[in-house]
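K.L.:
all I have is the shape, not the residue letters:
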């Protein structure tokens, strides 16, 4: 059995017909004791692969035998896999432009991430302790993954967290978790945002139940009014019956009138 590794472009799945992304890349399973002994496939001279709506991933179905995937490729239950993009070109469309800036001598990252990451370094410095001895490239991608999550949370409102947004956040969060940062300060907020997935459905259900309750209570009040009116009528009829019964002598309607009985003559 072998370890399979694929590079997937999430943006490619939504590309219109005729549009594609061409990328030349290398994938490395890092030897965490001796970086020079890391296992790498792909180089700058490799033919670029085409990512499009019908083909969103490329990779290696047999990157390395599983029995070789052990120490020092795995250290503290962590396997480090790096991807290096040698060239990226776009066909049929212009990609969005994201201004970049230097951050902690790690190279260029999106400028909008920088103030967010600086706040993390200021208020939660211990959360970054685990990357102090990592490679420059590893640290760069760690900060990029963290920046993506922070920017998502900054730009989204609670009402924006529909199913699609929750899926996007889930993907970004899972990507960030792979870097094994101490995210205990951020996790509760992310979980709250992800729990909004069914919030809109619950709002609609609550709204409908409230409407149903108003309709039902209105019907119930109408029935109560009718019942009160019926009880009043019943009380009036009861009083009228009592008055009539006071002067009423009940008779056997099947008996003969017998006119002579009144005069003491038995006929």
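P.N.:
In hand now; what should we look at? These numbers come from a predicted model, not from an experiment.
K.L.:
and residue 86, helix, strand or coil?
P.N.:
Per DSSP: H, G, I helix; E, B strand; the rest coil, the secondary structure class of residue 86 is strand.
K.L.:
my guess is it meets residue 24, correct?
P.N.:
Yes: counting by CB atoms under 8 Å, residue 24 is a contact partner of residue 86 at 4.4 Å. (Each C-beta comes from the backbone N, C-alpha and C, glycine too.)
K.L.:
now the common contact residues for the two.
P.N.:
When contacts are counted by CB atoms under 8 Å, 6 or more residues apart in numbering, residue 86 and residue 24 have 42, 44, 46 as shared neighbours.
K.L.:
now residue 190: closest residue in space, sequence neighbours ignored.
P.N.:
residue 173 (5.4 Å; CB to CB, 6 or more residues apart in numbering).
K.L.:
was I right about that neighbour contacting residue 149?
P.N.:
Yes: shown here, residue 173 and residue 149 form a contact pair, counting by CB under 8 Å, at 6.1 Å.
K.L.:
so what sits against both of these two?
P.N.:
Taking CB under 8 Å, 6+ apart as the criterion, residue 173 and residue 149 both touch residue 190.
K.L.:
so where's the longest helix in the protein?
P.N.:
Secondary structure assigned by DSSP state H gives helix 199-246 as the longest helix of the chain.
K.L.:
pLDDT (mean, whole number) over that one?
P.N.:
Confidence over helix 199-246, taken as the mean pLDDT, stands at 90.
K.L.:
can you check stretch 79-99 too?
P.N.:
80.
K.L.:
just to revisit the earlier point, out of residue 86 and residue 24, which sits in the busier spot?
P.N.:
With neighbours defined as other CB atoms under 10 Å, residue 86 and residue 24 compare such that residue 24 has more, 18 against 14.
K.L.:
please determine how far residue 177 is located from residue 149.
P.N.:
10 Å (CB to CB, to the nearest Å).
K.L.:
just list the residues touching the residue positioned nearest the centre of the chain, thanks.
P.N.:
The structure's the chain has its C-alpha centroid closest to residue 166; by CA atoms, centre = their mean the separation is 3.1 Å. Residues in contact with residue 166 (CB under 8 Å, 6+ apart) are 193-194, 196-197.
K.L.:
pLDDT-wise, which helix or strand of this protein ranks last?
P.N.:
Across the helices and strands of the chain, the lowest-confidence element by mean pLDDT, DSSP states H and E is strand 100-102, at a mean of 68.
K.L.:
what residues of the next helix or strand after that one count as buried?
P.N.:
Elements were assigned by DSSP states H and E; along the chain past strand 100-102, the next helix or strand is strand 108-110. Using 16 or more other CB atoms under 10 Å as the test for burial, strand 108-110 gives 109-110.
K.L.:
strand 108-110: what's the following helix or strand?
P.N.:
Under the assignment DSSP H and E, the closest C-terminal helix or strand after strand 108-110 is helix 113-123.
K.L.:
and that next one, how far from the chain's centre?
P.N.:
In terms of CA atoms, centre = their mean, to the nearest Å, the centre of helix 113-123 is found 25 Å from the chain centre.
K.L.:
and what of stretch 136-149?
P.N.:
On CA atoms, centre = their mean, the centre of stretch 136-149 falls 23 Å from the chain's centre.
K.L.:
please apply the same query to stretch 135-142.
P.N.:
Chain-centre distance of stretch 135-142: 28 Å, with CA atoms, centre = their mean.
K.L.:
for stretch 233-250, same thing?
P.N.:
When C-alpha coordinates are averaged (CA atoms, centre = their mean), stretch 233-250 and its chain have centres 71 Å apart.
K.L.:
please enumerate the helices of the stretch 1-150 of the chain.
P.N.:
113-123, 136-155 (DSSP state H, counting those that start in this stretch).
K.L.:
out of those helices, deepest packed?
P.N.:
helix 136-155 (a mean of 18; mean count of other CB atoms under 10 Å).
K.L.:
could you give me the average pLDDT of that one?
P.N.:
Computed over helix 136-155, the mean pLDDT rounds to 89.
K.L.:
which outside residues touch it?
P.N.:
Contacts of helix 136-155 from elsewhere in the structure, counted by CB under 8 Å, 6+ apart, are 80, 82, 84, 103-107, 109-110, 112-113, 116-117, 120, 131, 134, 168-169, 172-173, 175-176, 178-179, 181, 186, 189-190, 193.
K.L.:
lovely, talk soon.
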